[in-house]
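Asks: sequence plus the predicted model coming up.
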Amino acid sequence: MSKQPVRNNLVVELHIPDFDAAKKFYGALGFEVVLEHTPTVNKPGYLVMKLTTELGETMINFYGGNELVYNQSYFTNFPRDTKRGYATSITIPVPSAAEFYAKITPTLANHILQPVMDKDDGDMKWQDFRLEDPSGFYLRFTDLVDWGQ
(Lines give C-alpha, C1' and ligand atoms only; values in the text may rest on other atoms or scores of the structure.)
Protein backbone atom coordinates (compact mmCIF):
# COMPACT_ATOMS: atom_id res chain seq x y z
CA MET A 1 0.00 0.00 0.00
CA SER A 2 1.55 3.32 -1.03
CA LYS A 3 1.20 6.50 0.99
CA GLN A 4 -0.81 9.34 -0.51
CA PRO A 5 1.11 12.61 -0.89
CA VAL A 6 0.10 15.42 1.43
CA ARG A 7 -0.28 19.02 0.37
CA ASN A 8 1.56 20.36 3.40
CA ASN A 9 3.52 18.22 5.81
CA LEU A 10 4.81 21.05 8.00
CA VAL A 11 4.53 20.32 11.72
CA VAL A 12 4.26 23.38 13.96
CA GLU A 13 5.43 22.61 17.49
CA LEU A 14 4.95 25.27 20.14
CA HIS A 15 7.02 24.95 23.32
CA ILE A 16 4.80 26.07 26.19
CA PRO A 17 4.75 25.71 29.99
CA ASP A 18 0.98 25.15 30.45
CA PHE A 19 -1.07 22.58 28.52
CA ASP A 20 -4.26 23.40 30.45
CA ALA A 21 -4.20 27.03 29.26
CA ALA A 22 -3.59 25.85 25.68
CA LYS A 23 -6.45 23.33 25.81
CA LYS A 24 -8.84 25.97 27.15
CA PHE A 25 -7.82 28.63 24.59
CA TYR A 26 -7.55 26.42 21.51
CA GLY A 27 -10.64 24.46 22.60
CA ALA A 28 -12.60 27.75 22.49
CA LEU A 29 -11.38 28.09 18.89
CA GLY A 30 -12.80 24.65 18.07
CA PHE A 31 -9.58 22.63 18.30
CA GLU A 32 -9.86 19.17 19.83
CA VAL A 33 -7.20 17.16 21.64
CA VAL A 34 -6.11 14.23 19.45
CA LEU A 35 -3.09 13.12 21.48
CA GLU A 36 -1.80 13.95 24.93
CA HIS A 37 1.19 12.69 26.85
CA THR A 38 0.89 14.30 30.26
CA PRO A 39 4.10 15.87 31.55
CA THR A 40 5.62 14.48 34.73
CA VAL A 41 8.05 15.95 37.24
CA ASN A 42 10.96 14.47 35.26
CA LYS A 43 9.68 14.59 31.70
CA PRO A 44 7.97 17.17 29.48
CA GLY A 45 4.73 16.18 27.82
CA TYR A 46 3.32 16.38 24.31
CA LEU A 47 -0.08 17.62 23.13
CA VAL A 48 -1.62 17.61 19.65
CA MET A 49 -4.76 19.59 18.89
CA LYS A 50 -6.74 19.67 15.63
CA LEU A 51 -9.27 22.04 14.08
CA THR A 52 -11.44 20.50 11.37
CA THR A 53 -13.32 22.73 8.92
CA GLU A 54 -14.55 22.29 5.38
CA LEU A 55 -11.10 23.55 4.30
CA GLY A 56 -9.43 20.57 5.97
CA GLU A 57 -7.53 19.93 9.18
CA THR A 58 -5.20 22.28 11.02
CA MET A 59 -3.00 20.63 13.63
CA ILE A 60 -0.81 22.30 16.22
CA ASN A 61 1.61 20.33 18.38
CA PHE A 62 2.68 21.48 21.83
CA TYR A 63 5.79 20.41 23.72
CA GLY A 64 6.44 20.82 27.42
CA GLY A 65 3.40 21.49 29.54
CA ASN A 66 5.46 22.18 32.64
CA GLU A 67 8.57 24.02 33.88
CA LEU A 68 10.86 21.59 32.02
CA VAL A 69 10.04 23.46 28.80
CA TYR A 70 12.48 26.14 29.97
CA ASN A 71 15.30 23.57 29.98
CA GLN A 72 15.10 22.77 26.26
CA SER A 73 18.62 23.16 24.84
CA TYR A 74 17.93 25.99 22.38
CA PHE A 75 15.50 27.97 24.52
CA THR A 76 17.84 28.10 27.52
CA ASN A 77 19.65 30.82 25.53
CA PHE A 78 16.80 33.27 26.26
CA PRO A 79 15.40 34.75 29.47
CA ARG A 80 12.43 32.84 30.88
CA ASP A 81 10.19 35.88 30.56
CA THR A 82 10.76 36.15 26.79
CA LYS A 83 7.34 35.98 25.14
CA ARG A 84 7.05 32.41 23.79
CA GLY A 85 5.77 33.56 20.41
CA TYR A 86 8.15 36.46 19.88
CA ALA A 87 8.66 37.13 16.14
CA THR A 88 6.33 34.31 15.10
CA SER A 89 3.03 34.60 13.26
CA ILE A 90 0.85 31.55 12.68
CA THR A 91 -1.76 31.89 9.91
CA ILE A 92 -4.81 29.63 9.96
CA PRO A 93 -7.26 29.77 7.03
CA VAL A 94 -10.93 29.34 7.91
CA PRO A 95 -14.00 29.21 5.66
CA SER A 96 -15.15 32.68 6.78
CA ALA A 97 -13.02 34.88 9.01
CA ALA A 98 -16.01 37.09 9.84
CA GLU A 99 -18.19 34.14 10.92
CA PHE A 100 -15.32 32.54 12.87
CA TYR A 101 -14.60 35.88 14.58
CA ALA A 102 -18.26 36.28 15.60
CA LYS A 103 -18.25 32.74 17.02
CA ILE A 104 -15.09 33.08 19.16
CA THR A 105 -15.37 36.73 20.29
CA PRO A 106 -17.66 36.14 23.30
CA THR A 107 -15.17 33.69 24.82
CA LEU A 108 -11.82 35.10 23.66
CA ALA A 109 -12.42 38.87 23.47
CA ASN A 110 -9.47 39.61 25.77
CA HIS A 111 -7.10 37.81 23.34
CA ILE A 112 -8.10 39.85 20.26
CA LEU A 113 -5.32 42.07 18.93
CA GLN A 114 -7.05 43.12 15.72
CA PRO A 115 -10.77 42.73 14.99
CA VAL A 116 -11.95 41.24 11.73
CA MET A 117 -10.98 43.58 8.90
CA ASP A 118 -11.34 43.79 5.14
CA LYS A 119 -8.03 43.35 3.30
CA ASP A 120 -7.24 44.21 -0.31
CA ASP A 121 -3.92 43.85 -2.10
CA GLY A 122 -5.29 44.85 -5.49
CA ASP A 123 -5.50 41.31 -6.86
CA MET A 124 -7.37 39.71 -3.96
CA LYS A 125 -9.80 40.70 -1.26
CA TRP A 126 -10.27 38.85 2.01
CA GLN A 127 -10.95 39.28 5.72
CA ASP A 128 -8.82 38.35 8.70
CA PHE A 129 -8.33 38.99 12.43
CA ARG A 130 -5.50 38.53 14.92
CA LEU A 131 -5.28 36.98 18.39
CA GLU A 132 -2.58 36.30 20.96
CA ASP A 133 -2.68 32.92 22.67
CA PRO A 134 -1.92 32.48 26.41
CA SER A 135 1.78 31.82 25.69
CA GLY A 136 2.19 34.87 23.48
CA PHE A 137 1.91 33.29 20.03
CA TYR A 138 0.48 35.65 17.40
CA LEU A 139 -2.34 34.00 15.45
CA ARG A 140 -3.95 35.24 12.25
CA PHE A 141 -7.27 33.71 11.18
CA THR A 142 -8.00 34.49 7.55
CA ASP A 143 -10.27 33.70 4.66
CA LEU A 144 -8.50 31.27 2.34
CA VAL A 145 -6.02 33.14 0.16
CA ASP A 146 -4.16 31.52 -2.73
CA TRP A 147 -0.55 31.39 -1.57
CA GLY A 148 0.21 28.71 -4.13
CA GLN A 149 -0.81 25.85 -1.90
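Replies: That came in fine, so what should we check first?

Asks: look up the closest residue to Met59, ignoring the ones flanking it.
Replies: Lys50 (4.8 Å; Cβ to Cβ, 6 or more residues apart in numbering). To be clear about C-beta, it is placed using only N, CA and C from the backbone, and glycine gets the same treatment.

Asks: the chain: helices as residue ranges?
Replies: According to DSSP state H, the chain carries its helices in the segments 19-28, 97-108.

Asks: mind listing what's buried in stretch 100-107?
Replies: Phe100, Tyr101, Ile104 (16 or more other Cβ atoms under 10 Å).

Asks: quick check: the nearest residue to the last one once chain neighbours are set aside vs Leu51, distance?
Replies: Beyond its immediate neighbours in the sequence, the residue positioned closest to Ile104 (Cβ to Cβ, 6+ apart) is Leu29, lying 5.8 Å away. Between Leu29 and Leu51 the computed distance is 7 Å (Cβ to Cβ, to the nearest Å).

Asks: if you count what's nearby, which of those two comes out ahead?
Replies: The residue with more neighbours, out of Leu29 and Leu51, is Leu29; 22 against 19, by other Cβ atoms under 10 Å.

Asks: returning to that earlier point: any idea how far the residue nearest to Met59 is from Glu13?
Replies: Distance of Lys50 to Glu13, given as Cβ to Cβ: 14 Å.

Asks: quick one on the thing from earlier: ok, what's across the strand from the residue nearest to Met59?
Replies: Beta-bridge partners for Lys50, by DSSP bridges, are Glu32, Met59.

Asks: tell me how many other residues surround it.
Replies: Neighbour number of Lys50 under other Cβ under 10 Å is 16.

Asks: run through the strands of this structure in chain order.
Replies: Along the chain, counting by DSSP state E, strands occupy 13-16, 32-37, 45-53, 56-64, 89-94, 112-120, 125-132, 138-143.
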